[in-house]
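Next one to model:
(one chain, ligands or ions: 1)
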Amino acid sequence: MMIRFTKMHGLGNDFVVIDGVRRQVRLTPDHVRFLAHRRLGVGCDQVLMVEPPTDPSRAAFRYRIFNADGNEVEQCGNGARCFAVFVRDQGLTGETRIPVETAAGLITLQVEADGQVTVDMGPPRLTPWEIPFEADKAAPWYTLMVNDQALEIGAVSMGNPHAVLRVDNVQTAEVARLGPAIEGHPRFPRRVNAGFMEVVSPTHIRLRVYERGAGETLACGTGACAAVVAGRIQGLLEDRVNVDLPGGRLVIQWAGREDDPVFMTGPATSVFTGTIEL
Ligand SMILES: N[C@@H](CCC[C@H](N)C(=O)O)C(=O)O
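Next comes the predicted model:
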């Protein structure tokens with residue numbers, strides 16, 4: 001099967017985006033791994049599939065997310081912004097406010113006048129069973145034993161699971177060593193995205209994320225939201241925070257109550273389009 005795709009990125013977190021609205025496309029895990037392969041395929045951190053909604057009264061689209069390892073996952077913040085630009089560029093909608101179904105629930109995107117996209121990611125989920133994370137009750141931080149090392153982590157779901165570790169300096173953080181060990185830690189039964197957060201001030205953090213199923217990426221939107229939520233719960237951050245990732249800056253806002261939605265603002269870029277045989 002020959003498919004058309006658009007290569008996009010959000011601050012360097014890159015995607016192969018496929019229109020599954022005009023033509024039904026069924027992707028297997030092997031297809032995803034091939035598309036994501038940086039030598040044999042197109043190359044990306046995630047494959048995004050845009051589809052018709054299951055409930056047209058709530059949203060015009062559903063968008064699905066597949067990690068480079070072939071697994072389908074619940075949520076992707078940078079992907080959401082790229083999805084919004086994709087459906088407009090493809091002429092699938094002329095709206096600037098776009099509600100969309102994801103595996104983690106409905107989220108709403110707003111395309112701003114300057115081309116940036118603000119996403120209402122919904123409220124964070126903090127109870128351990130919702131993340132999912134093995135712990136007796138919700139707490140601002142937990143001690144996680146990793147290779148005989150006790151790490152203090154925050155645990156947050158933004159629809160997908162995140163562990164957030166505070167570090168003194170993101171540049172020297174042991175992302176390559178600790179990232180895979182946290183990702184596959186047995187207390188996270190569905191594995192986890194591992195964020196390494198340096199708090200510069202109450203309104204500014206630096207962040208690197210070792211993503212579940214993709215490895216370290218240049219940016220992670222849900223990771224930025226989770227880091228701000230974890231930092232705010234720990235009393236370190238204010239309600240509007242600039243998050244500097246290796247690929248650039250996101251602005252994250254969270255008023256701080258458990259049912260308050262998290263808002264993420266940042267860019268989304270189209271790089272090229274192509275066709276590929278699956
Ligand atoms: N890059 C994404 C997150 C993609 C999914 C993640 N790797 C997971 O497995 O949950 C983002 O920008 O949020």
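
buried residues in stretch 109-120?
Within stretch 109-120, the residues that count as buried by 16 or more other Cβ atoms under 10 Å are 109, 110, 111, 116, 117, 118, 119, 120. (Glycine included, C-beta is placed from N, CA and C.)

Is any residue of it near the ligand?
No. Judged by Cβ under 6 Å from any ligand atom, stretch 109-120 stays clear of the ligand, getting no closer than 9.8 Å.

what does that stretch contact?
Outside of stretch 109-120, the residues within contact range by Cβ atoms under 8 Å, 6 or more residues apart in numbering are 77, 80-81, 83-85, 88, 96-100, 107-108, 221, 261-268.

Narrow those to those in strands?
Applying DSSP state E to the contacts of stretch 109-120, the entries found in strands are 97, 98, 99, 100, 107, 108, 262, 263, 264, 265, 266.

Give me the contacts around stretch 54-73.
For stretch 54-73, contacts defined as Cβ under 8 Å, 6+ apart pick out 21, 27, 29-30, 32-33, 36, 44-53, 74-76, 79-80, 83, 87, 92-93, 95, 98-103, 106, 160, 211-215.

Next: stretch 223-236.
Contacts of stretch 223-236 (Cβ under 8 Å, 6+ apart): 77, 121, 124, 126, 140-141, 154-158, 162, 164, 166, 193, 195, 197, 199, 202, 205, 207, 209, 211, 237-239, 241, 243, 245, 250, 252, 254, 256, 262, 264.

what do you get if the cut-off is 6 Å, keeping everything else the same?
Around stretch 223-236, the neighbours that count as contacts under Cβ atoms under 6 Å, 6 or more residues apart in numbering are 121, 124, 140, 154, 156, 158, 162, 164, 193, 195, 197, 199, 207, 209, 237, 241, 243, 250, 252, 254, 256, 262, 264.

List the buried residues in it.
Buried residues in stretch 223-236, counting neighbours by 16+ other Cβ under 10 Å, are found at 223, 224, 225, 226, 227, 228, 229, 230, 231, 232, 233, 236.

Just the buried subset of the contacts of stretch 109-120, written out for ChimeraX, thanks.
This is the ChimeraX syntax for the buried subset of these, where burial follows 16+ other Cβ under 10 Å:
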select :77,80,81,83,84,85,88,98,100,107,108,221,261,262,263,264,265,266,267,268
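
Check the contacts of stretch 109-120 one by one and keep those near the ligand.
When Cβ under 6 Å from any ligand atom is applied, the members of the contacts of stretch 109-120 adjacent to the ligand are 77, 221.

now, which of the buried residues of stretch 223-236 lie within helices?
Judged by DSSP state H, helices contain the following of these: 223, 224, 225, 226, 227, 228, 229, 230, 231, 232, 233.

Dump these into CSV; add pLDDT as well.
Shown next, in CSV, are these (pLDDT from 0 to 100):
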residue, pLDDT
223, 99
224, 99
225, 98
226, 98
227, 98
228, 98
229, 98
230, 98
231, 98
232, 98
233, 97
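
Make a markdown table out of the residues you listed and add distance to residue 70.
Shown next, in a markdown table, are these (distance: Cβ to Cβ, whole Å):
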| residue | distance to residue 70 |
| --- | --- |
| 223 | 21 |
| 224 | 25 |
| 225 | 25 |
| 226 | 23 |
| 227 | 27 |
| 228 | 30 |
| 229 | 29 |
| 230 | 29 |
| 231 | 32 |
| 232 | 34 |
| 233 | 33 |
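
Pull out whichever of those residues are also neighbours of the ligand.
Applying Cβ under 6 Å from any ligand atom to those, one finds that residue 223 fall near the ligand.
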